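K.L.:
fold the following for me, if possible:
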Amino acid sequence: MAMPQSHLAVFTISVAADLAGMQIQNLRVYERRGLIEPARTSGGTRRYSSADVECLVRIRELLEEGLNLAGIERVLELEQEVRDLRRRVSEASEASAGPLRNA
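P.N.:
Below is the predicted model:
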């Protein structure tokens with residue numbers, strides 16, 4: 001199965017920082033705090049995907065709303081949980097609709 005385009009790690013840290021409207025040092029802090037986990041090249045260089053940049057933009061938005069990093073971590077966890085649950089509901093709905101389509 002091919003990796004979705006949004007998860008291809010292609011951006012350097014400076015490009016990702018520019019795209020997210022942040023300083024490079026912020027990205028390093030967020031990585032140390034576990035808010036983001038960029039891919040690494042064999043040489044150890046960070047590479048960011050479009051999904052990583054979207055996450056960084058979300059972090060910036062939450063910071064602008066006044067949340068601290070601990071609060072942001074919790075919001076990101078909950079948002080991921082909601083996405084996972086929606087996917088599971090969708091899969092279950094499709095699976096249960098399958099027998100009805102064949103009737």
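
K.L.:
the worst-scoring helix or strand of the chain on mean pLDDT - contacts with which helices or strands?
P.N.:
Within the chain, no helix or strand scores below helix 69-101, which has a mean of 90 by mean pLDDT, DSSP states H and E. Counting contacts by 3 or more C-beta pairs under 8 Å, 6 or more residues apart in numbering; DSSP states H and E, helix 69-101 is packed against helix 50-64. All C-beta spots, glycine's among them, are computed from the backbone N, C-alpha and C.

K.L.:
only the buried residues of the helix it packs on, if you could.
P.N.:
For helix 50-64, a neighbour-count test (16 or more other C-beta atoms under 10 Å) marks 50, 52-53, 55-56, 58-60, 62 as buried.

K.L.:
try stretch 33-49
P.N.:
Buried-residue list, stretch 33-49, by 16+ other C-beta under 10 Å: 35-36, 38, 46-49.

K.L.:
pick the one among the buried residues of helix 50-64 closest to residue 16.
P.N.:
Sorting the buried residues of helix 50-64 by distance to residue 16 puts residue 53 at the head of the list, at 5.5 Å, by C-beta to C-beta.

K.L.:
OK, contacts around residue 29?
P.N.:
Residue 29 makes contact with no residue, according to C-beta atoms under 8 Å, 6 or more residues apart in numbering.

K.L.:
now it: how far from residue 42?
P.N.:
25 Å (C-beta to C-beta, to the nearest Å).

K.L.:
now do residue 88
P.N.:
35 Å.
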